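Q: Task: produce atomic coordinates for the following.
(one chain, ligands or ions: 1)
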Amino acid sequence: MTTNQAADVVIIGGGIAGCAAAYYLAQQGIASTIIERDGIAAASSGYNAGGLNPLEGHGWPELLPLALQSFRLHRQLWDALPAETGIDYHGRISSIIKAAFTEDELPELRETLATFNGASEPGFSAAWLEREDALALEPRLSPDIIAGARAVGNGALDGMEFTRALAAAAQKRGATVVSASAVGLRLGNGRVESVVTPDGEIPCGALLIAAGPWCRTAEQWLDIAIPVDPLKGQIIRLQPDGPGLDYELTGGGSSMYAKTDGLIWCGSTEEDAGFDRSLTDAARRHIMAMAARLMPSLANAAVALHTACLRPVTPDWLPIVGPAPGWDNVYLSTGGQKKGILLGPAMGKGIADIIATGDTGICRDGCDPSRFVGAG
Ligand SMILES: Cc1cc2nc3c(=O)[nH]c(=O)nc-3n(C[C@H](O)[C@H](O)[C@H](O)COP(=O)(O)OP(=O)(O)OC[C@H]3O[C@@H](n4cnc5c(N)ncnc54)[C@H](O)[C@@H]3O)c2cc1C
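A: Below is the predicted model:
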């Protein structure tokens, strides 16, 4: 640890990135203080779909090793965290049906078959579904689908409760959570000495900036590049007129997430809207229309909740995890993009290792913050 061992690590941000770091720091006997202005999991870490697909996404194949490591950590946490904290966040293996409406969409299904059946990790598989097979598995699917693929092995959880569980477990081992907004830093000799809040300063031995899409605020404090930008996502939670889903579903422009309380979460939008987090009628209408295309019985389903949040995205879609260039005791963990819940444990363990020992077996090359030095 390149800091005074006796001093705390101060973490700005109580989302998955900050709470996972606090959890893994606590496991190494390092106390931390999370500064969070809106409450633990108040931003996208509390309002995400909770899907854990380590095989596919933006930034793959570069992100595949990190995603698989994180998936394994999730599996370990499913056994430990609920027992330790009393918070059941419903970590489970899920099964997805991908449906195609047109011939053009069939190659994507074949790609899913190849990806899941070719996975290096045990537990993943996929099978082709003729139209009738798909409708037999989920009779509420649109009769207009022409084929499908069923993929098994992904995970699912409640992202808000998971983030809260990490924070609670860290707190049990000495971490503290301070409700405050970080508005600046006091600097000295290439180090951060304290985090400034409206109520006073919080001294730190080391500082971790895990402020999600708001990380750029620290660019001016530290005179470094932290190129993370917000990607807005709106989700609609529907109360179906009947049972919930046994499968996640995608197709026809919709993604549907099965929830343990019987709700069906539909979405989500990807909007370049700056820091605007308003709920829009246009998004609601679009999500509802796509959902009804995939599952016509949802056309008039009651909306239980409509949410909007901001994903933290980097230019190369890879996270930023490591020491802040040019600073002795400052670290960054952000850029989880559309996969921040999946990647959270690996990002948290990686940055905790780096703070504790200067190195880690995960989150190395592709995630190093120094890749943006001089990028302007
Ligand atoms: C619609 C949607 C669906 C998603 N679905 C999935 C999914 O299925 N699977 C998946 O893996 N990921 C998903 N994600 C992505 C995932 O939610 C994010 O990548 C992840 O939550 C980002 O976590 P974070 O901790 O980096 O940021 P955040 O959750 O945004 O947390 C940052 C925190 O920092 C605090 N903060 C910022 N600045 C300050 C300051 N100056 N002082 C004090 N506090 C501050 C904020 O209040 C916030 O609570 C989804 C996201 C969205 C929006």
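
Q: in the stretch 151-300 of the chain, which spans are strands?
A: 176-179, 184-188, 191-197, 200-203, 206-209, 229-239, 248-251, 254-258, 264-267 (DSSP state E, counting those that start in this stretch).

Q: from the chain's centre, how far out does the third one sit?
A: Remark: strand 191-197 is offset 27 Å from the chain centroid, using Cα atoms, centre = their mean, to the nearest Å.

Q: now do the fourth one
A: Distance of strand 200-203 from its chain centroid, counting by Cα atoms, centre = their mean, is 29 Å.

Q: Residue numbering should commence at 11 henceforth.
A: Will do, 11 is the new start, and the previous item becomes strand 210-213.

Q: Just the buried residues of it, please?
A: Neighbour-count burial for strand 210-213 flags residue 212 (criterion: 16 or more other Cβ atoms under 10 Å). Any C-beta I mention is one placed from the backbone N, CA and C, and that applies to glycine too.

Q: quick revisit: nearest to the ligand, out of the strands of the stretch 161-310 of the chain?
A: Ranking those by their distance to the ligand (criterion: Cβ to the nearest ligand atom) puts strand 239-249 first, at 2.7 Å.

Q: Point out the other elements, helices or strands, that the closest one touches.
A: When contacts are defined as 3 or more Cβ pairs under 8 Å, 6 or more residues apart in numbering; DSSP states H and E, strand 239-249 sits against strand 274-277, helix 291-304, strand 312-323.

Q: Next, the angle from it to strand 312-323.
A: With axes from the mean of the first three to the mean of the last three Cα atoms, to 10 degrees as the basis, strand 239-249 and strand 312-323 are set at 160 degrees to each other.

Q: Wondering if strand 239-249 reaches the ligand at all.
A: Yes - contact of strand 239-249 with the ligand (Cβ under 6 Å from any ligand atom) involves 243, 245.

Q: thinking in terms of the whole chain, how far from its middle is that strand?
A: Centroid separation for strand 239-249 versus its chain: 13 Å, with Cα atoms, centre = their mean.

Q: tell me which residues in the host helix or strand of residue 117 are buried?
A: Using DSSP states H and E, residue 117 maps to helix 116-127. Residues 119, 122-123, 125-126 are the ones in helix 116-127 that count as buried (16+ other Cβ under 10 Å).

Q: again with stretch 181-194
A: 181, 183, 185, 187-188, 190, 192.

Q: what's the distance between the longest helix belonging to the chain and the middle of its chain?
A: Counting residues, the longest helix found in the chain (DSSP state H) is helix 74-95. Distance of helix 74-95 from the chain centroid (Cα atoms, centre = their mean) equals 13 Å.

Q: For residue 206, state which of the buried residues of helix 116-127 is nearest.
A: Using Cβ to Cβ, residue 125 comes nearest to residue 206 of the buried residues of helix 116-127, at 47.0 Å.

Q: Got phi/psi on the nearest residue to the closest one once chain neighbours are set aside?
A: Spatial nearest neighbour of residue 125, excluding adjacent residues (Cβ to Cβ, 6 or more residues apart in numbering): residue 65 at 5.2 Å. Backbone geometry at residue 65, expressed as degrees, to the nearest 10, gives phi -100, psi -20.

Q: Hmm, residue 65 is touching residue 134, no?
A: Yes - counting by Cβ atoms under 8 Å, residue 65 does reach residue 134; the two are 6.6 Å apart.

Q: Mind listing the shared neighbours of these two?
A: 126, 163-164 (Cβ atoms under 8 Å, 6 or more residues apart in numbering).

Q: Would you mind checking which of those residues is nearest to the ligand?
A: Of the shared contacts of residue 65 and residue 134, the one sitting nearest to the ligand (Cβ to the nearest ligand atom) turns out to be residue 164, at 9.8 Å.

Q: from memory that closest one sits against residue 107, does it?
A: No - the criterion here is Cβ under 8 Å, and residue 164 misses it with residue 107 at 12.0 Å.

Q: Need the overlap of contacts for those two.
A: With contacts defined as Cβ under 8 Å, 6+ apart, the residues adjacent to both residue 164 and residue 107 are residue 258.

Q: residues near the nearest residue to residue 377 once chain neighbours are set aside, how many?
A: Leaving aside its sequence neighbours, residue 377 sits nearest to residue 331 (Cβ to Cβ, 6+ apart; 4.2 Å). By the criterion of other Cβ atoms under 10 Å, residue 331 has 31 neighbours.

Q: got the buried residues for stretch 233-246?
A: 234-246.

Q: Sorry, wrong one. I was asking about stretch 84-96.
A: For stretch 84-96, a neighbour-count test (16+ other Cβ under 10 Å) marks 84, 87-88, 91-92, 95 as buried.

Q: One more: stretch 200-215?
A: 201-207, 212, 214-215.

Q: Is the residue nearest to residue 377 within a helix or a strand, and which one?
A: Element membership of residue 331 [criterion: DSSP H and E] is strand 330-333.

Q: Just the pLDDT for the residue of the stretch 261-386 of the chain found nearest the ligand.
A: Across the stretch 261-386 of the chain, no residue is closer to the ligand than residue 350, which sits at 2.0 Å (Cβ to the nearest ligand atom). Here the pLDDT value assigned to residue 350 is 98.

Q: doesn't residue 53 make contact with residue 169?
A: No - Residue 169 is beyond contact range of residue 53, at 10.8 Å (criterion: Cβ under 8 Å).

Q: rewinding a little: the helix or strand just after the strand holding residue 331 - which strands sit beside it in the sheet, and in what orientation?
A: The helix or strand immediately downstream of strand 330-333 is strand 340-344, counting by DSSP H and E. Using DSSP bridges, the strands paired with strand 340-344 in its sheet are strand 216-219 (parallel), strand 330-333 (antiparallel).
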